[in-house]
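A.B. asks: model this:
(chains A and B)
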Amino acid sequence: MKTYILTRVLLAIPMILIILTIVFVILRVLPGNPVLAMVGPKAPPQIVAAMEKEMGLDKPIIVQYGDYLLNIAHGNFGRSTLTSLPVIQELMQKFPATLELTIFAMIVAIFIGIFFGTYAAYYYGRTLDVVARVYSIFVYSFPVFWFGIMLQLIFGVWLHWLPVSGRSSPFMIPPHVYTGLYVIDSILNLDWPVFVDTIRHLILPSVTLGVVISSIFVRMVRSNVILSLSSQYVVASRARGVKEKKVLFSHALKNAMAPILTIMGLEFALLLAGAVLTETTFSWPGIGSYLISRIAYRDFPAIQGAIVFFAFFIAAVSILVDIINAWIDPRVRY
Amino acid sequence: MKKYSILIVVLLLLASAVSIFAIAAKNYVIVGTTDKFTSLDPAKAYEYLSDNLLQNVMTGLVKYIPGTTKIVPSLAKNWEISSDGITYTFHLKKGLKFSNGDPINAQVFKFSIDRAISLKQNPSFLLADVVKDVKVINDTTFEIRLQYPFAPFINILAFPIAYPVDPKVYSANSVYNGLPVASGPYMVTKFVRGQEMELRRNPNYYGEPAKTPIILIKIYRAANNLYMALLNGEIDVAYRTFLPQQFKMIQKNKNFKAYAGKSPFIREVVFNVKIKPFDNPKVREALSYAVNRAKISSEVFSSLVSPLYTLVPDGMWGHESVMPKYDPSKTVSILKSLGYSKDNPLKITLWYTPSHYGSTEASLALTLKNVFESTGLIKCNIKYAEWATYVDYFTKGVMGMFLLGWYPDYFDPDDYMWPFLESKASPAMGSFYSNKTVDKLLLDARIVSDIPGRTALYDAVQKIMANEAPYIPLFQGQQQVATKPNIGGILLGPVQIFRYYLLYKK
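C.D. replies: Next up is the predicted model:
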């Protein structure tokens, strides 16, 4: 197991290196001078030159690249040109919002995926199965922001049931922040109004994101459960008179889980990409909104930092999923 | 499944029960906007929201009476102007304090003005171009000496660039990124960039306290988000910027109040007069005849903006509608005289930015392209760039013809003429226009202090501008605010300073 984990971690390094290089190259190919974006077009040339020197932009591109890799290796993402704050500090402030949204979206997607997929497999070829298949194609083709706007219109503007923007109502944040995840913090603070307010704000964005990515889960679960339903251990347990529900969920689904877990890991990447769009649709103050707003200011260190952060996060999640997978199903290790 | 259905029902019940907690308290008003802040340092702030915010949390020597263009003393008690118009002596009110308790005195003003000039940020020119030096006489008295007599100088002092900053907090050599130290009705108690800002009454403000103890400003990414939040009751006031159709819908919606007022905001097409074919005044003239402002107003802005035929906005003294009226036959005859034909059309590129003037910008560019091309002798290509790149491009002279807009720094025709047409100022506008006669007239208009005399000079400048057409003014905007019916204190004045400190819940 140790060797397996080590190999997975080592394999992630070239992947991250490639992403870092692409980000570095793209930001330097883009038109415009980040220093001018900072000091304004009327700044005297000596100030511009001094700033360029300070930011290391006067050095040869290969030296800049080396500095950049070295800094990131030390966890130094530079300072935002807009706020002068360390980018890593800003990212850590925004990250809990994105993480909370991603986790809840994942819960929604898994919930829909497992129930819909398993029952579709159970009723293979019948109405529920057809509905499940149509659902996944339909939902897969939704643009996230369109679906989000529809939910906002229905549950916000027409029914006034749920809020359509932000993470919390005014003055409704947990008094003490432990994790940055408002759901957990409000529970730790035993502050129920804040807890309910947080959940209400979470529902629409996480359902939007969760439903859109649930399509892949539904199809994956369905086809895997169909396979395991036709296997001999299912026939055997049915012959022994085990209840259908138990056959379905404890035997068929459990054995179908390994490939589904792998897909979940991959889906996390898609989920983060979706989070950028969902966050902007719901004015959700996470890394996605941060990235989009900083693009407008051409805040290079912030843009670079956010993308690199996403890359690290996805790499970490995929390693984690692989390890869980290997732990559940020892065959994966070989 | 039964267990899950029960869980869902319980969650939904909980969700609906929370409205008990969400009762809007009387002591705060939530304002939504799609505007962005760049900097809250008066030496750097130079776009609408940053400056507007500073006009609520800070104040200067003078201020506008809300709803008018009349200037009255604010931190200053009174002032004298020397007979040659060069020296302004200010006497401050006694006992003035910043929100943190630090004193506001003559030394503070000297520090602040010197700092604003030496930091050389975007708005620095407002002071740097006219101020020679500042001399402290005693704790409450100081002099500002100008390089030459400058009639609208007092108006500049009402703009954030001239506001005092606390020398114990703001460094003389760098832009300040922390929470502003307040001298106005509110102070900033929380600021999450791109997300929200919390303003609370400043206990040390010398004047009448703000009507509502707390203002929350929520920042939305696009007009759609703002519109939805308003309709869902999440904000009390929505100020800037809806799509024109959305504002029309709100005007018809009985659950909200919609306010509209004239704005000093103008939009124009800029020509870089150094780039071919726009270096030829005849080409610029031909294009200005082709612009159908009525069509732009009705098709792109649902008739919520008014056509403009000069740079000085309607409602300000000095305004003269001088630009050619829509007449495509003139465009055709001028272009034919220049040798253009159906087979050899005039080829131009029009630039716009999707990220600074709202979601209507692409339609505006497209409508202009259509009106140009409908003459049959013009082939118009459209290009766009993000705002930061756009600024880079026009100040470096990359773009030949592009769309731009202007908010006043001070309420005077000088602010609509000098930055556009004066030789040293026009490169910052991307036009690079230069005309010695215009320079002389503009300088004279700064020095002359009587309004009839200045009006005559601006009249002459506008006529030259109409002839040489380095700009095509397009339209004048509208201020639009939508509120819940229980909100009062909305005041849309001619200077377009939105006053948060007047807002209240009924």
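
A.B. asks: Go ahead and flag the most central residue of chain B.
C.D. replies: What sits nearest the mean C-alpha location of chain B, by C-alpha atoms, centre = their mean, is B:Tyr407, with 3.1 Å.

A.B. asks: List the contacts of that one.
C.D. replies: B:Tyr48, B:Pro264, B:Phe265, B:Gln496 (C-beta atoms under 8 Å, 6 or more residues apart in numbering or on different chains). Every residue, glycine included, has its C-beta placed from N, CA and C.

A.B. asks: same deal with A:Tyr178?
C.D. replies: Counted by C-beta under 8 Å, 6+ apart, A:Tyr178 has contacts A:Ile184, A:Asp185, A:Leu188.

A.B. asks: What's the local residue count around the closest residue to B:Pro73 other than its chain neighbours?
C.D. replies: Leaving aside its sequence neighbours, B:Pro73 sits nearest to B:Val62 (C-beta to C-beta, 6 or more residues apart in numbering or on different chains; 5.9 Å). Burial of B:Val62 is recorded as 20 neighbouring residues (other C-beta atoms under 10 Å in any protein chain shown).

A.B. asks: same thing with B:Ser337?
C.D. replies: For B:Ser337, using other C-beta under 10 Å, the count is 10.

A.B. asks: Quick check on it: phi, psi?
C.D. replies: Here is the backbone geometry of B:Ser337 (degrees, to the nearest 10): phi -70, psi -20.

A.B. asks: Tell me the buried residues in stretch A:174-185?
C.D. replies: A:Pro174, A:Gly180, A:Leu181, A:Tyr182, A:Val183, A:Ile184, A:Asp185 (16 or more other C-beta atoms under 10 Å in any protein chain shown).

A.B. asks: State the pair within these that is farthest apart.
C.D. replies: A:Gly180 and A:Val183 (10.6 Å; C-beta to C-beta).

A.B. asks: List the residues that contact the nearest residue to B:Glu386 once chain neighbours are set aside.
C.D. replies: Leaving aside its chain neighbours, B:Glu386 sits nearest to B:Ser355 (5.1 Å; criterion: C-beta to C-beta, 6+ apart). The contact partners of B:Ser355, taken as C-beta under 8 Å, 6+ apart, are A:Ala296, B:Glu386, B:Trp387.

A.B. asks: related to what we said a few turns ago, what's the residue nearest to B:Pro73 sitting at in phi/psi?
C.D. replies: Per degrees, to the nearest 10, the backbone of B:Val62 is at phi -130, psi 170.

A.B. asks: Could you list the domains of chain B?
C.D. replies: Split into domains by automatic domain parsing, chain B comes to B:28-34+B:186-261+B:479-505, B:55-162, B:263-478.

A.B. asks: Now tabulate those in JSON lines and tack on mean pLDDT.
C.D. replies: Converted to JSON lines, the domains of chain B look like this (pLDDT from 0 to 100):
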{"stretch": "domain B:28-34+B:186-261+B:479-505", "mean pLDDT": "93"}
{"stretch": "domain B:55-162", "mean pLDDT": "95"}
{"stretch": "domain B:263-478", "mean pLDDT": "94"}
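
A.B. asks: What is the neighbour count of residue 319?
C.D. replies: You didn't say which chain, so I picked chain A. Neighbours around A:Ile319, by other C-beta under 10 Å: 16.

A.B. asks: ah, I was thinking of chain B
C.D. replies: B:His319 has 21 nearby residues by other C-beta under 10 Å.

A.B. asks: That one: what secondary structure?
C.D. replies: coil (DSSP: H, G, I helix; E, B strand; the rest coil).

A.B. asks: helix, strand or coil for the closest residue to it other than its chain neighbours?
C.D. replies: Spatial nearest neighbour of B:His319, chain neighbours left out: B:Val312 (4.5 Å); criterion: C-beta to C-beta, 6+ apart. When classified by three-state DSSP, B:Val312 comes out as coil.

A.B. asks: Check A:Ser84 too.
C.D. replies: Classified using three-state DSSP, A:Ser84 is coil.

A.B. asks: which secondary structure element contains B:Ile464?
C.D. replies: In this structure, B:Ile464 sits in helix B:451-468 according to DSSP states H and E.

A.B. asks: Other residues contacting that helix?
C.D. replies: B:151, B:281, B:284-285, B:310-312, B:317-318, B:320, B:322-324, B:413, B:417, B:421, B:433, B:435, B:437-438, B:441-442, B:444-445, B:448, B:471.

A.B. asks: Please repeat the previous calculation with a cut-off of 6 Å.
C.D. replies: B:281, B:310, B:318, B:320, B:322-323, B:413, B:417, B:438, B:441, B:444-445, B:448 (C-beta atoms under 6 Å, 6 or more residues apart in numbering or on different chains).

A.B. asks: got the buried residues for stretch B:316-326?
C.D. replies: B:Met316, B:Gly318, B:His319, B:Glu320, B:Val322, B:Met323, B:Pro324, B:Tyr326.

A.B. asks: Kindly apply the preceding question to stretch A:220-240 instead.
C.D. replies: Result for stretch A:220-240 [16+ other C-beta under 10 Å]: buried residues A:Met220, A:Val221, A:Arg222, A:Asn224, A:Val225, A:Ile226, A:Ser228, A:Leu229, A:Val234, A:Ser237.

A.B. asks: Over to the second one. Which of the three states is it?
C.D. replies: When you say that, I think you mean A:Val221. helix.

A.B. asks: got the residues of the stretch 351-500 of chain B near chain A?
C.D. replies: Selection of the stretch 351-500 of chain B residues close to chain A by C-beta under 6 Å from any C-beta of the partner chain yields B:Ser355, B:Ala388, B:Thr389, B:Asp392, B:Thr395.

A.B. asks: tell me, how many neighbours does A:Ser165 end up with?
C.D. replies: Around A:Ser165 there are 25 other residues, counting by other C-beta under 10 Å.

A.B. asks: Now it, what are its backbone angles?
C.D. replies: Residue torsions, per degrees, to the nearest 10, at A:Ser165 are phi -150, psi 150.

A.B. asks: looking at it, it is touching B:Ala229, isn't it?
C.D. replies: Yes. Using C-beta atoms under 6 Å, A:Ser165 makes contact with B:Ala229 at a distance of 4.9 Å.

A.B. asks: quick one: the residue lying closest to B:Ser449 once chain neighbours are set aside from chain A, how far?
C.D. replies: Closest residue to B:Ser449 apart from its sequence neighbours, by C-beta to C-beta, 6+ apart: B:Ala151 at 4.9 Å. In this view, B:Ala151 and chain A are 24 Å apart by C-beta to the nearest C-beta, to the nearest Å.

A.B. asks: buried ones in stretch A:273-283?
C.D. replies: A:Gly274, A:Ala275, A:Val276, A:Leu277, A:Thr278, A:Glu279, A:Thr280, A:Thr281, A:Phe282, A:Ser283.
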